[in-house]
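A.B. asks: Sequence unavailable; structure follows:
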């Protein structure tokens, strides 16, 4: 291929890359949306291939110098480290995290469906045969329910609140992060964790109902349950985002697809950590206390609803686009 034909064939995507670099160099990468960055990365890879071809066939030409400079500019923008600042953190919380969740609502939906399937099967299993509870619930919990007492009371009466809160934080966060990382198993571990947690909840609800403890259980989980479950569902959805990148990479390699989708998945998983810390504080200090039921229910509903409103409606300003 002669030089003129090579330039005419590839000039459009070089010009497009130059235009996009002008935008990102002026306004920064956070002023763009995910589709913008995906196209920028694709153009960068195409131009890198053109540079390799030019180095072989058009040495000593101004075209080779131009491509070197263009690829270097693109590389600096795509791979440059980003300094942490209050403004960056504010953008991350108010825009990046909610957008990541909204871009992957199908994953959130599947996370909810699998969890609810677990709840339904847990309810049905105990309805069919009460001994099914022994599959998922520890013997200490079962003995407490059979004796007509909620197992949560013994935990907080024996263990100091500070220790209990630390245990709850680490336990819940570990579940959420494992559900997220389980996406690397093509989603199998993520689905298993979501289903298991749903099944456990369904079993506990039905068994407590059989022994007259349903009201006490609902009172206990009213303050923290919705926020805690919501956080685990979002973490599970983040795991499904990773799984989708592995199973459906599209035109990208699996490594590139995982790197690209991994940003959104990490954002989704990270927001679950502070939410679970809040839920753990409530579970430790408010849920087992003698606060009125209406207060616990109002608190739980407010926190859970606020969490979803934040994820679904925050940061909807229009992204920057190029022509």
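C.D. replies: Structure's in. What do you need? These numbers were taken from a predicted model, which means no experiment stands behind them.
A.B. asks: And the most centrally placed residue in the chain, which helix or strand is it part of?
C.D. replies: The residue lying closest to the centre of the chain (Cα atoms, centre = their mean) is residue 268, at 2.7 Å. Assessed by DSSP states H and E, residue 268 sits inside helix 254-270.
A.B. asks: next one: residue 144
C.D. replies: Using DSSP H and E, residue 144 falls within helix 139-146.
A.B. asks: sorry, back to before: surely the residue nearest to the centre of the chain is in contact with residue 235?
C.D. replies: Yes - counting by Cβ atoms under 8 Å, residue 235 is a contact partner of residue 268 at 7.2 Å. In short, each C-beta sits where N, CA and C put it, glycine included.
A.B. asks: Tell me the residues that contact both of the two, please.
C.D. replies: residue 180 (Cβ atoms under 8 Å, 6 or more residues apart in numbering).
A.B. asks: thinking again about what came up before, quick check: which helices or strands does the helix holding residue 144 pack against?
C.D. replies: If you count contacts as 3 or more Cβ pairs under 8 Å, 6 or more residues apart in numbering; DSSP states H and E, helix 139-146 packs onto helix 151-158, helix 188-210.
A.B. asks: from what I can see residue 18 touches residue 71, true?
C.D. replies: No - the criterion here is Cβ under 8 Å, and residue 18 misses it with residue 71 at 11.5 Å.
A.B. asks: Give me the more crowded residue out of these two.
C.D. replies: Between residue 18 and residue 71, counted using other Cβ atoms under 10 Å, the more crowded position is residue 71 (19 against 15).
A.B. asks: pLDDT score assigned to the more buried one?
C.D. replies: At residue 71, the pLDDT value in this model is 87.
A.B. asks: go on, residue 319?
C.D. replies: pLDDT recorded at residue 319 is 47.
A.B. asks: go on, the one 4 residues further on?
C.D. replies: With respect to pLDDT, residue 323 has a value of 40.
A.B. asks: Over to residue 291?
C.D. replies: Reported pLDDT at residue 291 in the predicted model: 91.
A.B. asks: likewise the one 10 residues further on?
C.D. replies: Per-residue confidence (pLDDT) for residue 301: 97.
A.B. asks: and what of residue 193?
C.D. replies: 96.
A.B. asks: Could you check how far the closest residue to it other than its chain neighbours is from residue 276?
C.D. replies: Spatially, and ignoring its direct neighbours in sequence, residue 193 is nearest to residue 179 (4.5 Å; Cβ to Cβ, 6 or more residues apart in numbering). Residue 179 sits 12 Å away from residue 276, going by Cβ to Cβ, to the nearest Å.
A.B. asks: Now for the two: what residues contact both?
C.D. replies: Each of residue 232 lies in contact with both residue 179 and residue 276 under the rule Cβ under 8 Å, 6+ apart.
A.B. asks: ok, back up a step: tell me the mean pLDDT over the helix holding residue 268?
C.D. replies: Here the average pLDDT along helix 254-270 is 88.
A.B. asks: Now do the following helix or strand past that helix: which elements does it pack against?
C.D. replies: On the C-terminal side of helix 254-270, the closest following helix or strand by DSSP H and E is helix 272-285. For helix 272-285, the packing partners by 3+ Cβ pairs under 8 Å, 6+ apart come out as helix 161-181, helix 225-247, helix 293-313.
A.B. asks: go again using 6 Å as the cut-off
C.D. replies: Applying 3 or more Cβ pairs under 6 Å, 6 or more residues apart in numbering; DSSP states H and E, one finds that helix 272-285 contacts helix 161-181, helix 225-247.
A.B. asks: so that helix versus helix 225-247, what angle?
C.D. replies: If you take axes from the mean of the first three to the mean of the last three Cα atoms, to 10 degrees, helix 272-285 sits at 150 degrees to helix 225-247.
A.B. asks: which parts of helix 272-285 are buried?
C.D. replies: Neighbour-count burial for helix 272-285 flags 272, 275, 276, 277, 279, 280, 281, 282, 283, 284 (criterion: 16 or more other Cβ atoms under 10 Å).
A.B. asks: buried stuff in stretch 124-133?
C.D. replies: Buried residues in stretch 124-133 (16+ other Cβ under 10 Å): 125, 126, 130, 132, 133.
A.B. asks: any chance of the buried residues of helix 272-285 in TSV, plus distance to residue 244?
C.D. replies: Formatted as TSV, these follow (distance: Cβ to Cβ, whole Å):
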residue	distance to residue 244
272	19
275	23
276	24
277	28
279	27
280	30
281	33
282	33
283	32
284	36
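A.B. asks: and the two most separated of those?
C.D. replies: Pairwise distances across these peak at 18.0 Å for 272 and 284 (criterion: Cβ to Cβ).
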